[in-house]
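In: My questions are about this predicted structure, shown below with the sequence.
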Amino acid sequence: MSDVIRRDPRSERIKRNRLHPGHESLSGAPALGPSGLPRKNPHAVGFIGPNGLKRIDRSLAGAEPAAQSPRRTRSAQTETRELPLHIIEQPDFYVAAVLDLVGGRLTDHDRDVLGQAQQLANAGGGKGAVVAIALGEAREAGFDTAGADRLIHLTHCHGQPLEGYCPERKLAVLQAAERQLAPRYWLFPDSVHGGGDLGSRLAARLGERPVVNAWQVNDSETLCRASGGRLDIRRSTPRILLLAEECALPVDESRHQALPIELDDIPGTQARIEDLGPIPVDPSRIPLAEAEFILSAGNGVRDWNQFHRVAAALGATEGASRVAVDDGHMPRFRQIGATGTWVTARVYVAVGISGAIQHLQGIGRCEKVVAINLDGGCDMVKRADLSAIGDSSEILAELLTLVREYRGEPDTAPNKESEAREVA
């Protein structure tokens, strides 16, 4: 064998060409930029497919383990990093935010109100603290990450529950907070869930003139919407504000103490209004834009009778994708998406829907999305908070069985033979 070192013109060309996919592997070190920092070659990402086109694999199927991948390790650390704690030991004043807490959970409107409260607490002179007032059951403990420095949480007042519509008892709690804390501002969500009514009652009791449907607020001036959003009214910022949705950005970059506060003396009340509970409503008569629980079907649904039975058993409003509507399985007014109805449901269950961009736009403001699909890599599964990968008919059948077992109802689901006789 000859000891003469032979040149490899191809390797030399690759080393000189920083844009070549094999440049880093041959050079032995990542390319350095003008500042001395390593630079990543974006042209080296991907592979050449069988048709000669370059493709990028985003499925992470061939990725290295997380322990050996610095990039994935950094992203995991970013996801699990703890938010900085915002501490106020001795506040100079308080900003009270009364929450709707629909279903025992913070709504997006509640988080917007807390975000606005933090802006007013930081805008005023001195150190302000936000007091979140939650009346009724709370099923989630997210007051600290939502922006509450202090927390008043009561489920009963003088032995009477604070659930449902009981404005007299809730107003008594707010009066006790007014005497004990004297907040600089009172903030309420201007909604049909009780915030607008309770804020108006407190304003009448304190002799204040509130602003309603406020959507831009600072410590000196408030902008309110009027005439169905076609007119804006400016006025000086009062003590009591009824805020519209998206009035401010929610708190998402800090964590707050949420220290509990005990009210000293809550005045007794005599209830003049008795809440008899909600009236049962046929889910099929609820418009999609107002429905809170939607069971939506797509092209992956094969047994439509089963789908209707599950929707009736769950008490859900039925929806559909455009493909299911175009195929004639559902009426046009049930279509959900950018070309149909935009929905804001608290729970949205997508059965056999792959997740076209128009459909994902229509469910963008849904709080919780559940996907039932055979394809574990479809866009709907990526969007969903919870996914069940499998055949939709089998999953719906099991879900229907669990619902009937929970309610203690007999299994009266028709089998395939009886359904065939009914069709015949």
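Out: Sure thing, it's come through.
In: Every contact and neighbour count from this point should use C-alpha atoms.
Out: Fine.
In: Just say helix, strand or coil for the closest residue to Asp379 other than its chain neighbours.
Out: Leaving aside its sequence neighbours, Asp379 sits nearest to Gly355 (CA to CA, 6 or more residues apart in numbering; 5.1 Å). Under DSSP: H, G, I helix; E, B strand; the rest coil, the three-state class of Gly355 is coil.
In: Now for Gly355, how many residues are close by?
Out: Around Gly355 there are 20 other residues, counting by other CA atoms under 10 Å.
In: Now do the helices in the stretch 1-150 of the chain.
Out: 9-16, 23-27, 70-80, 108-123, 143-146 (DSSP state H, counting those that start in this stretch).
In: For the fourth one, could you pull out the residues that count as buried?
Out: Just to be clear, that refers to helix 108-123. Of the residues in helix 108-123, 109-121 count as buried by neighbour count, 16 or more other CA atoms under 10 Å.
In: Figure out how far it is from the centre of its chain.
Out: 17 Å (CA atoms, centre = their mean, to the nearest Å).
In: Where does pLDDT dip in the stretch 51-200 of the chain?
Out: Along the stretch 51-200 of the chain, segments meeting pLDDT under 70 span 51-81, 141.
In: any idea where the strands of it begin and end?
Out: 54-55, 85-86, 93-98, 128-135, 150-154, 156-157, 160-161, 185-189 (DSSP state E, counting those that start in this stretch).
In: Repeat that for the stretch 251-400 of the chain.
Out: 255-256, 259-260, 293-297, 317-320, 347-351, 368-373, 386-389.
In: how does the protein divide into domains?
Out: 91-260, 285-416 (automatic domain parsing).
In: Rebuild those domains as TSV, extending it with distance to Pro278.
Out: As requested, those are exported to TSV (distance: least, CA to CA, whole Å):
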stretch	distance to Pro278
domain 91-260	9
domain 285-416	14
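In: The nearest residue to Ala138 once chain neighbours are set aside - how many residues pack around it?
Out: The shortest distance from Ala138 to any non-neighbouring residue, by CA to CA, 6+ apart, is to Gly104 (4.2 Å). By the criterion of other CA under 10 Å, Gly104 has 15 neighbours.
In: So for stretch 345-365, mean pLDDT?
Out: The average pLDDT within stretch 345-365 is 93.
In: so which strand or helix has Ile235?
Out: Rather than Ile, residue 235 is Arg. strand 231-236 (DSSP states H and E).
In: thinking Glu137 is in contact with Glu163, fair?
Out: Yes. Under the criterion of CA atoms under 8 Å, Glu137 makes contact with Glu163 at 7.3 Å.
In: shared neighbours, these two?
Out: In terms of CA atoms under 8 Å, 6 or more residues apart in numbering, Glu137 and Glu163 are both contacted by the residues Thr155.
In: Tell me who's in contact with the spatially most central residue of the chain.
Out: Centroid-nearest residue in the chain: Glu367, 3.9 Å away (criterion: CA atoms, centre = their mean). If you count contacts by CA under 8 Å, 6+ apart, Glu367 has them with Thr344, Ala345, Arg346, Val347, Tyr348.
In: Could you single out the nearest of those residues to Arg169?
Out: Arg346 (27.6 Å; CA to CA).
In: mind checking how far that closest one is from Leu314?
Out: 14 Å (CA to CA, to the nearest Å).
In: Kindly report the same for Trp304.
Out: Taking CA to CA, one finds Trp304 at 15 Å from Leu314.
In: Looking at those two, which one has more neighbours?
Out: Set Trp304 next to Leu314 and count neighbours by other CA under 10 Å: Leu314 wins out with 16 against 13.
In: quick one, what contacts that one?
Out: Neighbours of Leu314 in contact, by CA under 8 Å, 6+ apart: Val403.
In: The residue nearest to Ala138 is in contact with Leu135, isn't it?
Out: No. The pair Gly104 / Leu135 is not scored as a contact, 9.3 Å apart, by CA under 8 Å.
In: Kindly reformat the buried residues of helix 108-123 as CSV containing distance to Arg10.
Out: CSV is the format used below for the buried residues of helix 108-123 (distance: CA to CA, whole Å):
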residue, distance to Arg10
His109, 62
Asp110, 64
Arg111, 60
Asp112, 60
Val113, 64
Leu114, 63
Gly115, 60
Gln116, 63
Ala117, 65
Gln118, 62
Gln119, 62
Leu120, 66
Ala121, 66
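In: Out of the residues you listed, the closest to Ile88 would be?
Out: Checking the buried residues of helix 108-123 one by one against Ile88 (CA to CA), the nearest turns out to be Ala121, at 11.2 Å.
In: In space, what's closest to the closest one - neighbours in sequence excluded?
Out: Going by CA to CA, 6+ apart, Ala121 has Gly128 as its nearest residue, at 4.4 Å.
In: Ala129 too?
Out: Leaving out its chain neighbours, Ala129 is closest to Tyr94 (CA to CA, 6+ apart), at 4.9 Å.
In: I'd say the one you found and Gln180 touch.
Out: No. Using CA under 8 Å, Tyr94 is not in contact with Gln180, being 10.8 Å away.
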